[in-house]
Structures are given as structure tokens and as C-alpha cells.
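> Following is a predicted model, sequence given first.
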There are 2 protein chains.
Amino acid sequence: MNKAYEIVLAGIERAFLDGSLTLGDRLPGERILAKRFDVARSSVREAIRILDAVGLIRSGVGSGPGAGSVIVSEPAVGLSRALKLHVSARHIAPADVLTTRVVLESDAVATAAKAQLGEGATGPGGPHLRQAEELLTKMGGPDISKESFHDLDARFHRELCAAAGNPVTDIILASLASSILGYVSAAADTAEDWQSVQDELTRQHAGLLESILAGDPERARHECAAHIHWFAATTGIDAVDT
Amino acid sequence: MNKAYEIVLAGIERAFLDGSLTLGDRLPGERILAKRFDVARSSVREAIRILDAVGLIRSGVGSGPGAGSVIVSEPAVGLSRALKLHVSARHIAPADVLTTRVVLESDAVATAAKAQLGEGATGPGGPHLRQAEELLTKMGGPDISKESFHDLDARFHRELCAAAGNPVTDIILASLASSILGYVSAAADTAEDWQSVQDELTRQHAGLLESILAGDPERARHECAAHIHWFAATTGIDAVDT
DNA sequence: CCTATGTTATGGTCTGACCACATTTGTGAC
DNA sequence: GTCACAAATGTGGTCAGACCATAACATAGG
């Protein structure tokens, strides 16, 4: 705690804890913070860089609204960044990321299905599932590019997780997915018959969503696990060398 | 990607990907990196600060081995830091963290039990479970301080996760635990009869470990979930206001 | 051989300046 | 009075250069 930037970090964290800084607020300017904590501006910047890296603030130049360091809440950004760097450094294997993802996401869809059983479309998961349906339709559309499909695919999965209603699970799953996004894209690029893979994925997506809407937790859980495992095996991600 | 520190970050990440930088290596000095990427040293430092924050490097002053920025692999540090800050900022509720933890940890102990069933003490999880047994003994010892108990408790859980063999799950669980560590300690401090709570926890720990050693995945899964839920309910963490 | 002292290389910090950018404010023409 | 353009302002982003604290290493002296 002797480092200058840690003093700043601790001070800002304290401000969060006592409520004097909340979502949407703007951080005082770097020069002001430097004066307040009696450190150099460069030290303040190092602290701010960390807050930026973990997805707690977003910095913008200029003046007026939108400028300065605004407090946002994007935990997934921070987790993704950390995971992605460790994957790049070969300290984390994409296959292990997928294994964890299976556990969390299978449970999430089961929870979503359970909620659907109890509350139907009126529950908090309803809008997310409707959104998922829309995405599914788009994914099944004609002449869709590989990139668009990947994007829609990721969003589809995110909506399912969101329907489960646990923000932390949501965040972690998003981070896990984005940390190996590069590998997924690369693997898909080398697929010999992408169109058929895409069709199969869409079929599986449809089945999974139907299970959730039908309120069948165990079927949803099983289909989700099978879906991820199938994709991993097909693209060969589960055998990526570390 | 126009920011100077991002150029440095991208360059270092590239070095990881092409293998010219690996675990244990030392990063070139800040002054050298500044020259190489044609940016100021302060910009290099911001990039390094990020790598440090995500647990990819560890910086030390002085000279010789141990000095400079050494590449390490502590993903949990990065994830913990990010989660902890978001919890501090009230963007993540401790209760949601616990919910996610139940899902992951229950599955982890079930996996560990399954592995035990197939391989017995000769499997990769063996050492971890033996370590867990030792920790359990220490936790049951007399005149143990609250702090020691918390520490041993956390390490006990970590060993169980490690026995499951998935490093990513391991990392995430460690991060989840440490992100709400402050709340757990605070809650334990206000417990009226801590000794009896401690006794009950030890009983539950023993039962859980026995289930794993006996190779009973479903019992382990159930006991783990019950254990965490019980503790949360007892300490009141599941009702923390966000 | 061992000790003490200087040397060197490292990250950590500070100062002060300038730039790029976006809003806000002023000012002049009409 | 109104509008368009220019200037002032405040923000993060970047740079250059200096000095400090630390820890290993090199070297001379005992």
C-alpha cells in the first residue's frame, strides 16, 4: 500500500463504499485528484488506468458531458480482459474455459427453464427469451455472413443466461466466451463445410430454446451441454494445444 | 487502438502469442520498451500497470533476479481485483456472487468425487484431498483464531476445487470468494456464538470431504450446496443490501 | 578469504510542459 | 436581436527529463 497509485485507488474505493461516488457520477479531474491525494498526476493516471481496465470507468477527452472519467459498470470488460490476456499467454487453455462454461451455462438454462415453469412469459426472463427468439430467426436467415452469425450466436447465448437472472453468472459467462472468441473464429474459419455446421447449430439453438420455454430444466441442461460439447468437438477447440 | 499504452499492450500480447515471451521471462526494462515502441516511458508504465493488475506480471525494483517485470501467472489476482472493485462500487451483490459460487463449487466437488471413484488416491486429485484433510484437522484444533479459521476455510475449499482438476473453475471460485471476503469477515464478526458456528462448519466440511473420498458425487454436490447456503443464511450475507 | 564500499540497473515518483479534442463563451457581422 | 464564427476553457493523452529507493554486483582493502 506504499505505492502512490495504490493510495489513489484506495481513496477512490473508499468513496465508492461510503456512497460519495456512484454509477453515472464523474470522477474529479486528474489534476484535482493529484492535489487531493498529494501525488503526481502520473500516479493518478496509473490508478485510473486500472479502474478503466476493470471496466469501472470510461474516460473521454474534451469538455462537457461525456468528457472526463465517468463511472460505469462493465464487470465483464474487466474479467474478459484478464482472461483474454492469460489465454494469450498460454496460461489458460481454451478447453478448460469451455468446460467451465458448460457447467455454468447448463445450470443457467436450467434455471431459466425452471423460472419459465413457474411464471411463464410474465417472469423477468420473458423479455430475454423473446429477444433470443428474434436472434434465432435472424441466425436462420439467408445469406448471413460468418461474422454476423458469430455475433448473433454470442448474443443468443447471453440472452439465455440473462433469463436465468443471476448477473454474476451472466458476467462470467460473457467473459469466458469473449476470452476465447479468437479461437472460436479461427476454428470456424477452417471448417470445411461451414454452412452445414451453421445449420446444425441453429437446430440445436432452436431445441434448447424450446426446452426452456417448455419449462423443462433437465432437458435444457442436457441440450446445452451437448450443444457446447458438439461445437467444441466439431471445431477442434477442445484439443487446442496449450 | 490509437492510445499509446494500447500499442505497448498489443506489442507485448503479440510477443506472448508468438512465444517470444513465456512464463518466468523478464520483460525488457521500461526505458527499453519506450524506445522500442517509440512512446514515452509513462505510457509504457500504464501498459505495465494493466498487466500487473490482471496478474500477468510482477514488478520488483533493484537489480538482478527478482528485479524488473517478471511474467507470472496469477489469473485469480486479476479476476479478484475486478470483482472486488465492482462489489465495492455496489454494482455486484454479494448474494449473487454466492449463488454463482454454489453452482460452480457444487459441480467441482461432484467432479472430484467422480474422479475419486475412478482412480482413488492415485488420481491427480489425491494430493489435494490429502491437503484438505490436513486443513480440516487444523480447523478442528483448539484455540484457533477467527482469522486463522477463515484462512484455513478458504484454503480447504480451494483444495477441493483443485481436486476437480479444472484450473479455470479453480480461478473463478478463488476470485469469487476473495471478492466478498470482506463481507464474510464482517458477518462472522457480528455472529453471536461464533464457536458453535465454527463447530457446525467443521462438521459440514468433514461430511463433504468424506462424500468426495467415498466417491459419491451426488451426495457431495448436495452437501456442498447446503453448506454454502447454510453459511450464507447464518451470517446473513444472502440478505446484504446492494 | 571476508568485509565494506562504490557502481549499476531497475522500478517508482515527480515536475512541467504541450497536444488533441469538445464544449462553452464571447464577439462581430448582418 | 440573431446567427455564425472565433476564442477561451477544461478535459484526458502524451512527452521529456530529472531524481529517488532499492537490490544485486564489482571491486578494493583488510
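Structure received.
> so does the lowest-mean-pLDDT helix or strand in chain A get close to chain B?
Among the helices and strands of chain A, helix A:181-189 carries the lowest confidence by mean pLDDT, DSSP states H and E, at a mean of 86. No. Between helix A:181-189 and chain B, judged by CB under 8 Å from any CB of the partner chain, nothing touches; the nearest distance is 9.5 Å. Where C-beta positions appear, they are placed from N, C-alpha and C, glycine not excepted.
> ok, now stretch A:112-119?
No. Contact of stretch A:112-119 with chain B (CB under 8 Å from any CB) is absent, the minimum separation being 13.1 Å.
> Start from the N-terminal end of chain A and give the helices.
Secondary structure of chain A (DSSP state H): helices at A:4-17, A:30-37, A:41-53, A:75-88, A:94-119, A:126-140, A:146-164, A:167-179, A:181-189, A:194-213, A:217-235.
> Now do the least confident helix or strand of chain A: everything it contacts.
A:87, A:94, A:146, A:150, A:154, A:194, A:197, A:235-237, A:240 (CB atoms under 8 Å, 6 or more residues apart in numbering or on different chains).
> just stretch A:33-51 next, same as before
A:4-9, A:11-12, A:27-28, A:30-31, A:57, A:59, A:69, B:5, B:42, B:45-46, B:49-50, B:53, B:81, B:85.
> Now with 7 Å, please.
Stretch A:33-51 is contacted from outside by A:4-5, A:7-9, A:11-12, A:30-31, A:57, A:59, A:69, B:42, B:45-46, B:49-50, B:53, using CB atoms under 7 Å, 6 or more residues apart in numbering or on different chains.
> for DNA strand D, what are the nearby residues on chain A?
A:27, A:29-31, A:41-42, A:45, A:48, A:59-63, A:67-69 (CB under 7 Å from any atom of the strand).
> Can you select the buried ones from the residues you listed in ChimeraX?
To isolate the buried members of these in ChimeraX, using 16 or more other CB atoms under 10 Å in any protein chain shown:
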select /A:27,30,41,45,48,59,68,69
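> Quick check: the farthest pair among the residues of chain A next to DNA strand D?
Across those, no pair lies farther apart than A:S42 and A:S63, at 22.3 Å, counting by CB to CB.
> List the contacts of the residue nearest in space to the middle of chain A.
The residue lying closest to the centre of chain A (CA atoms, centre = their mean) is A:A174, at 2.0 Å. When contacts are counted by CB under 7 Å, 6+ apart, A:A174 touches A:76, A:158.
> For chain A, give me the ranges with low pLDDT.
A:119-125, A:239-242 (pLDDT under 70).
> try it again with 90
Within chain A, the ranges that satisfy pLDDT under 90 run A:1-2, A:62-67, A:114-127, A:130, A:138-150, A:182-199, A:215, A:232-242.
> Would you mind naming what in it lies close to DNA strand C?
So chain A meets DNA strand C at A:2-5, A:38-43, A:46, A:61-67 (CB under 7 Å from any atom of the strand).
> just checking, A:G78 touches A:A53?
Yes. Contact criterion CB atoms under 7 Å: A:G78 and A:A53 qualify, at 6.4 Å.
> neighbour-wise, which of those two wins?
A:G78 (27 against 24; other CB atoms under 10 Å in any protein chain shown).
> how close does that one sit to B:K84?
10 Å (CB to CB, to the nearest Å).
> can you check A:G62 too?
The value you get for A:G62 to B:K84, if CB to CB is used, is 31 Å.
> again, but for A:D38
25 Å.
> Look at these two and report which has more neighbours.
Using other CB under 10 Å as the criterion, A:D38 and B:K84 rank with B:K84 on top: 19 against 9.
> outside of stretch A:63-77, which residues touch it?
Taking CB under 7 Å, 6+ apart as the rule, stretch A:63-77 contacts A:21-27, A:29, A:48, A:55-61, A:171, A:174-175, B:82-83, B:86, B:91-92.
> cool, stretch A:143-150 as well?
With CB under 7 Å, 6+ apart, stretch A:143-150 has contacts from A:139, A:185, A:188, A:194, A:198.
> Buried by neighbour count, from those residues: which ones?
Using 16+ other CB under 10 Å, the buried ones in the contacts of stretch A:143-150 are A:139, A:188, A:198.
> Out of those residues, which is nearest to chain B?
Nearest to chain B out of the buried ones among the contacts of stretch A:143-150 is A:A188 (CB to the nearest CB; 18.9 Å).
> Pairing partners for A:I71 in the sheet, please.
Bridge pairing for A:I71 (DSSP bridges) gives the partners A:I57.
> Around it, how many other residues sit close by?
20.
> Look up how far A:L17 lies from it.
13 Å.
> Same question for A:I228.
On the measure of CB to CB, A:I228 and A:L17 end up 38 Å apart.
> ok, these two, which is more surrounded?
Shown here are A:I228 and A:L17; by other CB under 10 Å, A:I228 has more neighbours (20 against 14).
> What residues does the closest residue in space to that one that isn't next to it in sequence make contact with?
Spatially, and ignoring its direct neighbours in sequence, A:I228 is nearest to A:V102 (5.1 Å; CB to CB, 6 or more residues apart in numbering or on different chains). Going by CB under 7 Å, 6+ apart, A:V102 touches A:225, A:228-229.
> For B:A220, state which of those is nearest.
Distances from B:A220 to these, taken by CB to CB, are shortest for A:A225, at 19.2 Å.
> how about the nearest residue to the closest one, chain neighbours excluded?
A:S106 (4.8 Å).
> and the one you found, how many neighbours?
Neighbours of A:S106 (other CB under 10 Å): 22.
> Now do the contacts for it.
Contacts of A:S106 by CB under 7 Å, 6+ apart are A:221, A:224-225.
> Kindly report the same for A:T100.
Applying CB under 7 Å, 6+ apart, the residues near A:T100 are A:176, B:166, B:168-169, B:172.
> Please repeat the previous calculation with a cut-off of 10 Å.
A:172-173, A:176, B:104, B:107-108, B:166-173 (CB atoms under 10 Å, 6 or more residues apart in numbering or on different chains).
> Check which residues of stretch A:225-240 are buried.
So for stretch A:225-240, counting by 16+ other CB under 10 Å, buried means A:225, A:227-228, A:231-232, A:234-235, A:237-238, A:240.
> which one of the residues you listed sits closest to A:E159?
A:H227 (14.7 Å).
> Leaving out chain neighbours, which residue sits closest to that closest one?
A:Q204 (4.5 Å).
> Burial check on that neighbour, number of neighbours?
Neighbours around A:Q204, by other CB under 10 Å: 17.
> Please verify my assumption that it contacts A:A225.
No. Under the criterion of CB atoms under 10 Å, A:Q204 makes no contact with A:A225, lying 11.1 Å away.
> Pull up the overlap in contacts between A:I71 and A:L17.
With CB under 10 Å, 6+ apart as the test, A:I71 and A:L17 both reach B:A89.
> nearest to DNA strand C, of the buried residues of stretch A:225-240?
A:V240 (31.4 Å; CB to the nearest atom of the strand).
> Next one: the residue lying closest to A:E218 once chain neighbours are set aside relative to DNA strand D, how far apart?
Once flanking residues are discounted, A:E218 sits nearest to A:A110: 7.0 Å by CB to CB, 6+ apart. Distance, A:A110 to DNA strand D, using CB to the nearest atom of the strand, to the nearest Å: 42 Å.
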